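Novice: kindly return the folded structure for what I paste below:
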Amino acid sequence: MRILVPVLAALALAGSCREAGAQAPCPELPRLRSEAVEASKPTARALMSDRCDAYIRASRAWSAVVDYANDHRDVCEISDRLLGDLETYRREAAAARNNVCAGRPVRPFPADIISQ
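Specialist: This is a model prediction of the structure:
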């Protein structure tokens, strides 16, 4: 009994250390993506120059996500679909940035709303 308790304690400690040391293969990707999502929430009431800056930050954040995903595609096991989705978010952020910084609406109005 005296030997069993220390052996069990050592096994439990070794198991918990292994779990604590284990990390996801790409801890940076979720962090970058979270930052990009937060940066993509600009306020509508901000001044025009502040709105432009917010859209620039969002565009840069999505570019950082796509760059990281491309650079670590094999290590992070990033699928073609996920990479395509990230590219879409980056393109949408760039288009929104270009529109807002040019003084246009974020997205163009549908054709049926525009009277000719």
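Novice: following the helix or strand bottoming out on mean pLDDT in the chain in sequence, what is the next regular element?
Specialist: The weakest-scoring helix or strand in the chain, judged by mean pLDDT, DSSP states H and E, is helix 4-21 (a mean of 41). Using DSSP states H and E, the helix or strand that follows helix 4-21 in sequence is helix 28-39.
Novice: max-length helix in this protein?
Specialist: Across the chain, the longest stretch assigned as helix under DSSP state H is helix 48-71.
Novice: toward the C-terminus, what is the element adjacent to that helix?
Specialist: Next in sequence after helix 48-71, counting helices and strands by DSSP H and E, comes helix 73-76.
Novice: then that next one to PDB, C-alphas only?
Specialist: As requested, the backbone C-alpha atoms of helix 73-76 are provided in PDB (Å, rounded to 0.1, in the frame of the first residue of the first chain):
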ATOM      1  CA  ARG A  73      -1.000  25.600 -44.200                       C
ATOM      2  CA  ASP A  74       0.600  22.200 -43.700                       C
ATOM      3  CA  VAL A  75       1.400  22.500 -40.000                       C
ATOM      4  CA  CYS A  76      -2.100  23.800 -39.200                       C
END
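Novice: just the buried residues of that helix, please?
Specialist: C76 (16 or more other C-beta atoms under 10 Å). Yep, even glycine has a C-beta here, placed from its N, CA and C like the rest.
Novice: which strands or helices does whatever helix or strand comes next after it pack on?
Specialist: As assigned by DSSP H and E, the chain's next helix or strand after helix 73-76 is helix 80-101. Judged by 3 or more C-beta pairs under 8 Å, 6 or more residues apart in numbering; DSSP states H and E, helix 80-101 is in contact with helix 28-39, helix 48-71.
Novice: and those, which is most packed in?
Specialist: helix 48-71 (a mean of 18; mean count of other C-beta atoms under 10 Å).
Novice: name the helices or strands packed onto that one?
Specialist: Checking 3+ C-beta pairs under 8 Å, 6+ apart, helix 48-71 ends up next to helix 28-39, helix 80-101.
Novice: could you dump these to JSON lines with mean pLDDT?
Specialist: Output for those, formatted as JSON lines (pLDDT from 0 to 100):
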{"stretch": "helix 28-39", "mean pLDDT": "90"}
{"stretch": "helix 80-101", "mean pLDDT": "93"}
